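Chemist: the sequence isn't on hand, but the structure is:
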């Protein structure tokens, strides 16, 4: 299921949501212009290398890695999720809180993934942990809001409308299940999807919204 829009208009202009999208796109365009050797150096310098983080090295990459992506599909899917769910979280939290919320969710996702791949020297990059946090926060504040999703099963393609909680629980369960199954095949030089970054970010976002809002009902009356 791929979300394409939600039925939950924002009451304010989402400054940081759009800024994060813009920065991610600009960085992706910059990376496209690099030579293969320069691109490899750039990725290793600004992505998370779990083995380095465990040793206390290149800690700035915990932040810079959130703005790097491993290809067009990775970028587009992440920015689509951020565009759909980010504006409402920014509206509910306020611009300043949302900025720190987003970054803390990214850190929460990164730390959980590092725990499960502590010896890895494979670069870890992407905004998925932070965006998963946005989705976790959205689940707390707007569980009943409707989300249009693209449902694809073989040659069957259809747009359906679901409550946000159904789509978000499904997404989280998918990440958790495949995170667990990936543990059996995980090696220190193995790449792929950082499922536990998604899980960690989602849980961080869920917890932070509980702490940052006085009542989970606040967001239910918006729009």
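Modeler: Everything's here; your move. As the structure is a computational prediction, the values presented were derived from the model and not from experiment.
Chemist: quick one: furthest residue from the center of this structure?
Modeler: Relative to the mean C-alpha coordinate of the chain, counting by CA atoms, centre = their mean, the farthest residue is residue 155 (28.4 Å).
Chemist: quick one, phi/psi of that one?
Modeler: Listed backbone geometry of residue 155 is phi -90, psi 0, with angles given as degrees, to the nearest 10.
Chemist: now swap in the one 5 residues further on and tell me
Modeler: Phi and psi for residue 160, reported as degrees, to the nearest 10, are phi -130, psi 160.
Chemist: burial check on it, number of neighbours?
Modeler: The criterion is other CB atoms under 10 Å. On that basis, residue 160 has 11 neighbouring residues. In this view, the C-beta of every residue, glycine as well, is placed from N, C-alpha and C.
Chemist: quick check: residue 45 vs residue 87, distance?
Modeler: 32 Å (CB to CB, to the nearest Å).
Chemist: tell me which stretches of this structure form helices.
Modeler: Listed in chain order, the helices found in the chain under DSSP state H are 15-32, 36-46, 50-54, 61-64, 72-93, 95-116, 128-141, 164-183, 195-212.
Chemist: residue 2: which of those is closest?
Modeler: helix 72-93 (7.8 Å; CB to CB).
Chemist: between helix 95-116 and the closest one, find me the angle.
Modeler: Our comparison of helix 72-93 with helix 95-116, counting by axes from the mean of the first three to the mean of the last three CA atoms, to 10 degrees, yields an angle of 130 degrees.
Chemist: hmm, who's touching helix 72-93?
Modeler: 2-6, 8, 10-12, 14-17, 20-21, 24-25, 28, 69, 98, 101-102, 126-128, 131, 134-135, 137-138, 141-142, 147, 209, 212-213, 218-219, 222-223 (CB atoms under 8 Å, 6 or more residues apart in numbering).
Chemist: mind doing that once more with 6 Å?
Modeler: 3, 6, 8, 10-12, 14, 16-17, 21, 28, 69, 98, 101, 127-128, 131, 134-135, 137-138, 141, 212, 219 (CB atoms under 6 Å, 6 or more residues apart in numbering).
Chemist: before we move on, the earlier item: least confident of the helices of the chain, on average?
Modeler: Confidence, taken as mean pLDDT, is least for helix 164-183 of the helices of the chain (a mean of 89).
Chemist: so which bits of it are buried?
Modeler: Across helix 164-183, burial judged by 16 or more other CB atoms under 10 Å covers 164-165, 167-168, 171-172, 175-176, 179, 182.
Chemist: please name every helix or strand in contact with it.
Modeler: strand 146-153, helix 195-212 (3 or more CB pairs under 6 Å, 6 or more residues apart in numbering; DSSP states H and E).
Chemist: mind listing what's buried in the longest one?
Modeler: I take that to be helix 195-212. Within helix 195-212, the residues that count as buried by 16+ other CB under 10 Å are 195-209, 212.
Chemist: so which of residue 45 and residue 87 has more stuff around it?
Modeler: Set side by side, residue 45 and residue 87 show unequal neighbour counts under other CB under 10 Å, the larger going to residue 87 at 24 against 13.
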